[in-house]
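> A structural model of the following input is requested.
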Amino acid sequence: MIDTRGSLVNHRRLRAVTFAGAALALALVSAGCTSTDQPSPIVIVQTPTPVATEAPATPTPETTLSASFTPWPSLAPTPTAGPTAVHTAAPTPVPSSGPTSPAAFCTGGAANWPELLKAAKTLKFAVYCASLGKGWSLTTASWAAPAGGGTFSAKYKGPSGASIELAEGSFCLTPTVCSPPGSSTAASFGGLSGHLFNTAVLEYSIYVNPGTKTAYKILGHHMSQATLVGIAAALKVIPKI
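Numbers count the residues shown, from 1 in each chain. Down below sits the predicted model:
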């Protein structure tokens, strides 16, 4: 059997607690409304985050070239010592290697040129010398100027046993013996007209004006006729200075 009285008592107690809580809540609300203190307003200040911005570029003024300008005053140059004069000795003249004598074309060397010039100047007739090539040399030479006439002679030695002899002036005054007999042909003695003789094997001679005081002779040994003719034609007159 259920005790309805106890249940009823409990129900009444629950309701009384509920009503009491509700009354307390209402009292709290009423008290809040009637209070003279106003609530302080809440202000929220938000600081904005700074945004990096580029400063506007300052425009650079354009440079305008000017047609003229004012130069800065020049500094006076610092005086410097001038170049020191250097005295040098005058160069010594170098003697020329060319001919230094009018007789330089004569084979025989510079030591014989003065004597050849002296003979040519002293003798009354034209004196000829030989102008020979490589391998030839003057072996002997002599001259004389007596009252009755003068003479000049010279001998040259060449390659392979060849040689020539010159005789000029009054070396022979007997016409019949002054030139070899036999036939002859025309030949030149330094520009003078003469006669060519073949006197022996490989021996030839040329004579001009034989038997006179202005006679000329050239003898060639151990050479051909053509060689002697060429040497005789190349004979030259030594100048009279």
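> My understanding was that S153 contacts W143; is that so?
Yes - counting by C-beta atoms under 8 Å, S153 does reach W143; the two are 7.4 Å apart. In short, each C-beta sits where N, CA and C put it, glycine included.
> Name the residue in the two with the higher neighbour count.
The residue with more neighbours, out of S153 and W143, is W143; 19 against 16, by other C-beta atoms under 10 Å.
> what helix or strand is that one on?
Using DSSP states H and E, W143 sits within strand 137-144.
> Each with direction, which strands does that strand pair with?
strand 151-157 (antiparallel) (DSSP bridges).
> what's in contact with whatever helix or strand comes next after the strand it pairs with?
Downstream of strand 151-157, the next assigned helix or strand under DSSP H and E is strand 163-169. Strand 163-169 is contacted from outside by 123, 125, 127-130, 139, 149-158, 213-222, 228, 231, 235, using C-beta atoms under 8 Å, 6 or more residues apart in numbering.
> do that again at 6 Å, thanks
125, 150-157, 216-221 (C-beta atoms under 6 Å, 6 or more residues apart in numbering).
> now, which of the residues you listed sits nearest N198?
Closest approach to N198 among the contacts of strand 163-169 (C-beta to C-beta): G220, at 10.3 Å.
> Past the worst-scoring helix or strand of the chain on mean pLDDT, which element shows up next along the chain?
Lowest by mean pLDDT, DSSP states H and E among the helices and strands of the chain is helix 4-34, with a mean of 42. Sequence order places helix 113-122 as the next helix or strand after helix 4-34, per DSSP H and E.
> what pairs with whatever helix or strand comes next after that following helix, and is each one parallel or antiparallel?
Later in the chain than helix 113-122, the nearest helix or strand by DSSP H and E is strand 128-129. With DSSP bridges as the test, strand 128-129 is paired with strand 236-237 (antiparallel).
> buried residues in stretch 117-136?
For stretch 117-136, burial by neighbour count (16 or more other C-beta atoms under 10 Å) applies to 117, 119-120, 123, 125-130, 132, 136.
> Can you give me the distance of N209 to C129?
18 Å (C-beta to C-beta, to the nearest Å).
> what about I241, distance to S101?
10 Å.
> the more surrounded of the two?
The residue with more neighbours, out of I241 and S101, is S101; 14 against 9, by other C-beta under 10 Å.
> got any ranges where the protein has weak pLDDT?
1-99 (pLDDT under 70).
> go again using 50 as the cut-off
1-12, 14-36, 40-47, 49-53, 55, 59-88, 95 (pLDDT under 50).
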